[in-house]
Structure formats: structure tokens, C-alpha cells
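Visitor: Quick one, fold the following:
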Amino acid sequence: MRRKDREMNRDFGLRVIDNAPFGVLSIVNNGEPYAMPLSIVRNGDNLYFHSAKAGTKVDLFESRPVVCLTFVTDVKVPDLFSREELEAMLAVEDRYSDFGSKVFTTEYASAVVFGPIARVEDDAGRLEALRLICLKYTPDKIRYFDAAAASGLKHTDIYRVAIERLTVKRKKFDGDGQEMKWGRVE
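Guide: Numbers count the residues shown, from 1 in each chain. This is a model prediction of the structure:
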């Protein structure tokens with residue numbers, strides 16, 4: 001990671017994964033990148049998602065057993081300066097760098113996972129992973145899970161990605177407009 005000053009710890013990264021509305025899985029397809037957004041849930045050091053039983057990604061998983069997943073949360077453009085402060089900054093050339101680093105920028109938290117991918121083969125494991133996915137995305141409908149699973153599980157594959165390597169980064173400003181670097185969380 002080039003920006004070590006923005007690096008965060010593993011626990012922070014796991015929270016990013018858990019809070020992300022989706023993850024983007026990337027894999028190589030005939031020398032070109034292939035990426036897809038997926039509904040992903042984490043259980044311990046494993047990530048799970050569901051898939052149709054056939055298609056491009058299923059074919060790729062058979063021949064490319066390692067994938068990369070990206071998760072991003074807390075994305076926003078900071079509003080650190082009033083219009084008067086921005087105008088005053090224009091008058092001081094030494095402050096021009098603040099425009100790039102504090103005005104035309106984005107706050108975010110990101111986690112990137114690298115690891116092996118495998119189809120979950122046993123029915124109990126498939127059912128449990130699907131239940132976890134549904135608990136994350138449709139917790140208010142979980143009463144109907146058994147009926148949906150009885151109908152759809154036979155048409156659905158479940159994949160597991162073991163978190164082998166995790167890199168975590170964040171850009172965030174505190175209330176005083178200072179970037180919170182070196183893992184600072186308050």
C-alpha cells in the first residue's frame with residue numbers, strides 16, 4: 001500500500017466489509033479484467049455470495065481459483081471550508097495545496113481482500129451461508145427464508161472466499177479539518 005499513512009487495521013477492515021452494501025469481485029478473463037458487484041456476507045475469515053449455477057463467472061471460478069474483492073463505505077465529499085475561507089485561500093499561494101487535499105477530495109473507507117474461491121458443496125453449509133446472506137440483506141423477511149430456500153437452493157450455488165490477505169485504507173477528516181492519519185479512529 002502506497003499511502004501507509006491511511007492504512008487501518010484488520011478489525012476496521014472487517015467492519016468495512018460487514019457494512020458495505022455490496023462488494024466487487026474481480027478476476028482475470030482471457031487476460032482482461034472481469035468485475036462484478038455481489039451481495040456478500042462475512043462469517044469469520046470467510047466471505048460468501050450466491051450465484052447461478054452457470055455463466056461466465058462460474059466458468060472463471062473453475063479456472064482461476066484466486067480472486068480479489070473490493071468494499072467501500074463512508075463515501076462523501078467533505079465540506080470543511082466556508083465560501084469566505086475558500087476565497088481567502090485563493091489569495092495565499094501557499095494554501096493552494098489545500099484545494100487538492102481538502103476541497104477536491106473524497107472521504108472513504110475501503111477494504112480489499114485477496115483469497116482463494118471455492119464452491120460450497122455440502123447442503124448444510126450452502127443453506128447456512130444463504131441464511132447469513134438473507135439475514136444481512138433482508139432481515140425483516142427472514143420468517144420466509146425456509147420457503148424461499150426450499151424452492152431456490154437447488155438452482156443456486158454458494159461460493160466462499162477465504163480472506164487470505166486484507167488491505168484496509170481510510171481518508172477521513174476530524175472536526176478541526178485535519179486528516180485522521182496513522183489509524184486514528186476517534
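Visitor: Please make it C-alpha for all contacts and neighbour counts, starting now.
Guide: Fine.
Visitor: Need the residues that contact the longest strand that the chain contains.
Guide: For the chain, the longest strand by residue count, based on DSSP state E, is strand 107-119. For strand 107-119, contacts defined as CA atoms under 8 Å, 6 or more residues apart in numbering pick out 13-14, 16-17, 61, 65-78, 157-173.
Visitor: Who are the contact partners of L38?
Guide: F22, G23, V24, L25, F49.
Visitor: For L47, see how far away it is.
Guide: 11 Å (CA to CA, to the nearest Å).
Visitor: what residues do the two have in common as contacts?
Guide: Shared contacts of L38 and L47, counting by CA under 8 Å, 6+ apart, come down to nothing at all.
Visitor: What about the most centrally placed residue in the chain? Give its phi and psi, please.
Guide: Residue closest to the average C-alpha location in the chain (CA atoms, centre = their mean): F71, at 1.1 Å. Backbone geometry at F71, expressed as degrees, to the nearest 10, gives phi -130, psi 140.
Visitor: can you pull out the helices in the chain?
Guide: Under the criterion DSSP state H, helices of the chain are mapped to 10-19, 56-63, 83-90, 96-98, 123-137, 145-152.
Visitor: will you turn these into TSV that also has distance to E179?
Guide: Putting the helices of the chain into TSV (distance: least, CA to CA, whole Å) gives the following:
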stretch	distance to E179
helix 10-19	17
helix 56-63	39
helix 83-90	18
helix 96-98	11
helix 123-137	31
helix 145-152	44
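Visitor: As CSV, those helices with mean pLDDT and mean neighbour count would be great.
Guide: Shown next, in CSV, are the helices of the chain (pLDDT from 0 to 100; neighbours: other CA atoms under 10 Å):
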stretch, mean pLDDT, mean neighbour count
helix 10-19, 96, 18
helix 56-63, 88, 14
helix 83-90, 93, 12
helix 96-98, 89, 12
helix 123-137, 96, 17
helix 145-152, 92, 12
